[in-house]
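Trainee: following is a predicted model, sequence given first.
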Amino acid sequence: MMDLLRQDREVWDLFTRKEEYEESDRDRFDRFPYYQSRHRDVFVPRASQILVENGFSCEYPESQPFAICLSHDVDTVYRPLHVSGLEIVKALRAKRLLHAGSIIRELSPGKCRKQTFEEITGLEESYGARSAFYVLALEKGAREHAYPVEDLEQEISALRDRGWEVGLHGGCEAYRDFDGLVKEKRYLESILDRKVTGYRSHYLRFRVPETWELLERAGFLYDTTLGYPDCIGFRNGMCHPFRPFDLDRGREMAILEIPLVVMDRTLLLHMRLNPERAWNRMKRLLEAVERYHGVITVLWHNEFMTGDPLRFYRKILEYGHEKGAWMTGGHEIAAWWGKGRMRPPPGP
């Protein structure tokens with residue numbers, strides 16, 4: 001695969017993210033944004049296209065045509081006080097006293113928001129799908145500490161036992177701090193009582209190739225952070241999982257990247273698209289991945305599982321179900337890929 005991509009210098013530079021090795025302006029979260037990239041057509045998986053057109057083939061369980069990697073970053077589990085206050089006022093004005101009382105009771109310490117993991121997994125299960133939940137494992141007092149992971153012990157254990165994946169949502173500094181990364185990984189493993197294999201950085205913070213190197217050293221099976229925060233699409237031209245190539249050391253890395261293609265906030269907020277145009281962009285990406293028998297990773301935060309964003313997520317599930325896609329979490333895809341599911345072209 002590497003030799004084939006090297007034959008086209010432009011595609012090789014795209015695949016390896018060469019431009020990210022250069023000094024460039026990064027946003028306030030230390031991210032390389034789409035607007036800084038010289039590669040503009042992120043809706044075409046150029047690297048995967050070249051591989052498939054030259055004979056590479058992929059296979060999935062039960063001959064499914066492509067895969068949708070479903071994922072949720074659990075940034076928060078508690079209802080913000082100002083949101084609860086507004087809902088109480090609205091309920092009182094509407095004379096819905098029972099509803100107002102239920103919201104007040106939820107303000108007690110340790111009470112999780114009503115968007116439960118059971119509701120999310122129940123929806124996915126109705127479409128024959130599973131997903132991965134990436135949770136924060138920060139100690140109290142740490143930057144961006146939003147909840148003690150112990151508060152979720154019952155929920156994440158239930159997810160694990162039912163076949164859903166729980167991965168690490170690395171804190172703000174984990175993408176460049178090896179000791180902190182390992183500490184968070186071990187903390188989550190102690191709660192989960194299972195090895196954690198999957199990773200995504202909080203705020204999509206990422207450094208090429210440094211973050212891959214840290215994840216490799218820390219013993220992760222895969223990462224699924226590589227996506228733009230300000231635009232959906234194929235950041236390095238791949239719509240397949242791949243092993244990154246470190247240009248500094250001239251080597252293929254052991255970590256598997258399942259690139260992130262669509263994030264809810266990016267599509268529904270940052271890109272300022274109306275619902276119809278947002279779905280058209282989403283469908284265009286889904287069709288491209290289906291064409292090249294690839295994998296499209298979708299990130300839908302748990303707090304987006306309400307109203308119009310929830311209906312949009314359901315539409316993705318409906319599309320995948322109708323097309324016969326394999327809809328599952330990152331670990332299952334990484335394990336499947338590790339068995340050599342992308343095959344080189346046949347010999348002459």
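Mentor: Alright, I've got the coordinates. Residues are numbered from 1 along each chain as shown.
Trainee: quick one, what contacts Ala146?
Mentor: By CB atoms under 8 Å, 6 or more residues apart in numbering, the residues touching Ala146 are Asp75, Thr76, Val77, Tyr78, Leu136, Leu138. C-beta: built from backbone N, CA, C; applies to glycine.
Trainee: now it: how far from Gly338?
Mentor: Ala146 sits at a distance of 32 Å from Gly338 (criterion: CB to CB, to the nearest Å).
Trainee: okay, now Thr306: neighbour count?
Mentor: The local packing of Thr306 (other CB atoms under 10 Å) involves 13 other residues.
Trainee: quick one: it and Leu260, what's the gap?
Mentor: Counting by CB to CB, the gap from Thr306 to Leu260 is 22 Å.
Trainee: and if you look at Val77?
Mentor: Spatial separation of Val77 from Leu260 under the definition CB to CB is 22 Å.
Trainee: Leu310 too?
Mentor: The span separating Leu310 from Leu260 equals 20 Å under the rule CB to CB.
Trainee: now the helices: where do they sit in the stretch 151-300 of the chain?
Mentor: Shown for the stretch 151-300 of the chain, the helices assigned by DSSP state H, counting those that start in this stretch span residues 153-162, 178-192, 210-218, 264-265, 275-291.
Trainee: which among the ones you listed is found nearest to Arg93?
Mentor: Of all the helices of the stretch 151-300 of the chain, the one in closest proximity to Arg93, counting by CB to CB, is helix 275-291 (28.4 Å).
Trainee: my read: Glu144 touches Gly170, true?
Mentor: No - here Glu144 does not reach Gly170: they are 10.5 Å apart, not a contact under CB atoms under 8 Å.
Trainee: one step back: now which of the contacts of Ala146 would you call buried?
Mentor: Those of these that meet the buried threshold are Asp75, Val77, Tyr78, Leu136, Leu138, by 16 or more other CB atoms under 10 Å.
Trainee: low-confidence ranges, the stretch 101-250 of the chain, go.
Mentor: Low-confidence segments of the stretch 101-250 of the chain, defined by pLDDT under 70, span residues 101-115.
Trainee: name the residues that touch the helix or strand encompassing Glu119?
Mentor: Under the criterion of DSSP states H and E, Glu119 resides in helix 117-126. Contact partners of helix 117-126, identified using CB under 8 Å, 6+ apart, comprise 70, 72, 130-131, 133, 155-156, 158-159, 162, 164, 302, 305, 313-314, 317, 327.
Trainee: contact partners for the nearest residue to Tyr187 once chain neighbours are set aside?
Mentor: When the adjacent residues along the chain are set aside, Tyr187 lies closest to Ala137, with 4.4 Å between them (CB to CB, 6 or more residues apart in numbering). With contacts defined as CB under 8 Å, 6+ apart, the neighbours of Ala137 are Val149, Leu168, His169, Gly171, Glu184, Lys185, Tyr187, Leu188, Ile191.
Trainee: what do you get for Leu247?
Mentor: Listed by CB under 8 Å, 6+ apart, the contact set of Leu247 reads Thr16, Lys18, Tyr21, Pro209.
Trainee: among the residues you listed, which pair sits farthest apart?
Mentor: Once CB to CB is applied, the contacts of Leu247 give Lys18 and Pro209 as the farthest pair, at 10.7 Å.
Trainee: these two - which one has more neighbours?
Mentor: For Lys18 versus Pro209, the count of surrounding residues by other CB under 10 Å is larger for Pro209: 22 against 15.
Trainee: quickly note the distance from that one to Leu247.
Mentor: 7 Å.
Trainee: any common contacting residues for these two?
Mentor: Taking CB under 8 Å, 6+ apart as the contact rule, Pro209 and Leu247 both touch Tyr21.
Trainee: ok, back up a step: who's more crowded, Glu144 and Gly170?
Mentor: Gly170 (32 against 12).
Trainee: cross the buried ones among the contacts of Ala146 against strands and list the overlap.
Mentor: By the criterion of DSSP state E, membership of these in strands covers no residue at all.
Trainee: can you add distance to Phe29 and give those back as JSON lines?
Mentor: Compiled in JSON lines, these are given as follows (distance: CB to CB, whole Å):
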{"residue": "Asp75", "distance to Phe29": "13"}
{"residue": "Val77", "distance to Phe29": "22"}
{"residue": "Tyr78", "distance to Phe29": "22"}
{"residue": "Leu136", "distance to Phe29": "16"}
{"residue": "Leu138", "distance to Phe29": "16"}
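Trainee: of all these, which comes closest to Pro229?
Mentor: The nearest member of these to Pro229, counting by CB to CB, is Asp75 at 13.8 Å.
Trainee: for whichever strand or helix holds Gln49, list the C-alpha coordinates in CSV.
Mentor: Here Gln49 is covered by helix 46-53, with elements defined by DSSP H and E. Output of helix 46-53 as CSV, limited to C-alpha atoms (Å, rounded to 0.1, in the frame of the first residue of the first chain):
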residue,chain,number,x,y,z
ARG,A,46,-8.2,10.6,-2.9
ALA,A,47,-5.8,8.1,-1.3
SER,A,48,-8.4,5.4,-0.8
GLN,A,49,-9.6,6.0,-4.4
ILE,A,50,-6.1,5.3,-5.8
LEU,A,51,-5.7,2.1,-3.7
VAL,A,52,-9.1,0.7,-4.8
GLU,A,53,-8.6,1.7,-8.4
